[in-house]
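K.L.:
Quick one, fold the following:
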Amino acid sequence: QAATAPANQVYPGDASCSAGDQWCADSIIQNPLGGITHDKITWQNRPTFQQVVEYPAHRGQTIANLATGRTATATSYEHNIFVAYPASNAIDNDPNTRWASDWSDNQSLTVDLGAVQPVSRVTLSWEKAYATGYRIDLSTDGTNWQPAFTTTTADGDQDTVTFAATDARYVRMTGTNRATTYGYSLYDLAVYAY
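P.N.:
All right, here's what the predicted structure looks like:
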């Protein structure tokens, strides 16, 4: 019914616009102020802010971080009598704690998700001592591993790694090349199904 309504009905005339004149009806009409007058201008929708929303999964699929509160182990961790940076710090959902490895390459951090489940995304939040080279490996049993991602050109800060959904219980990040003379240091290692 709306599509068949005549233009002069949808845009009725008034003192400023003729009936059926859509451009005029949608324009911004200036009221004179003293001797200052302005012509009509095109109506513009200029929102205060814009945002983009991305839905990472379908309704009913879990979008939670699968690593939070699970068990993490590492080949090493930095510690002394004053401070310690154990593997568990990387999965405690606290942005102020971190895991830090010994000061050598080929150090790894492994998360046990508790059960075999689909995994397709890993997010690494690095401290200043990041890896320029690392790989992500997946395993269902903690013994047999398959590669999911490898890079030699990482630049620190936050990395989001995506790959084809793969069933896994264990997710391992192995640093192969350090960006600094220190070890590898991660504030957070997050694992997602989607």
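
K.L.:
For Gly183, what is the enclosing helix or strand?
P.N.:
Remark: Gly183 resides in no helix or strand, with elements defined by DSSP states H and E.

K.L.:
Any idea what Ala72 is bridged to?
P.N.:
Beta-bridge pairing for Ala72 (DSSP bridges): Val111.

K.L.:
Looking at per-residue confidence, what score does Gly34 get?
P.N.:
At Gly34, the pLDDT value in this model is 81.

K.L.:
Can you get me a residue count around it?
P.N.:
Counted by other C-beta atoms under 10 Å, the residues lying close to Gly34 total 5. No exception for glycine: its C-beta is placed from N, CA and C like everyone else's.

K.L.:
what are the ranges of the helices in this structure?
P.N.:
Counting by DSSP state H, the chain has helices at residues 7-10, 22-26.

K.L.:
Mean pLDDT, mean neighbour count and distance to Leu138 added to the ones you listed, as TSV?
P.N.:
Below are the helices of the chain laid out as TSV (pLDDT from 0 to 100; neighbours: other C-beta atoms under 10 Å; distance: least, C-beta to C-beta, whole Å):
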stretch	mean pLDDT	mean neighbour count	distance to Leu138
helix 7-10	89	11	59
helix 22-26	88	14	56
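
K.L.:
The ones you listed: which one's closest to Ala164?
P.N.:
helix 22-26 (48.6 Å; C-beta to C-beta).

K.L.:
distance between the closest one and the chain's centre?
P.N.:
A distance of 42 Å separates the centroid of the chain from that of helix 22-26, by C-alpha atoms, centre = their mean, to the nearest Å.

K.L.:
contacts for it?
P.N.:
Applying C-beta atoms under 8 Å, 6 or more residues apart in numbering, the external contacts of helix 22-26 come out as Ala7, Val10, Tyr11, Ser16, Cys17, Ser18, Lys40, Thr42, Trp43.

K.L.:
Any of those buried? List them.
P.N.:
For the contacts of helix 22-26, a burial check counting by 16 or more other C-beta atoms under 10 Å picks out Tyr11, Cys17.

K.L.:
Please dump the contacts of helix 22-26 into a markdown table; it should also carry distance to Tyr194 for every row.
P.N.:
A markdown table is the format used below for the contacts of helix 22-26 (distance: C-beta to C-beta, whole Å):
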| residue | distance to Tyr194 |
| --- | --- |
| Ala7 | 48 |
| Val10 | 45 |
| Tyr11 | 47 |
| Ser16 | 53 |
| Cys17 | 51 |
| Ser18 | 55 |
| Lys40 | 50 |
| Thr42 | 43 |
| Trp43 | 41 |
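
K.L.:
hmm, back to that, turn the helices of the chain into JSON lines, columns for distance to Leu66.
P.N.:
Below are the helices of the chain laid out as JSON lines (distance: least, C-beta to C-beta, whole Å):
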{"stretch": "helix 7-10", "distance to Leu66": "53"}
{"stretch": "helix 22-26", "distance to Leu66": "50"}
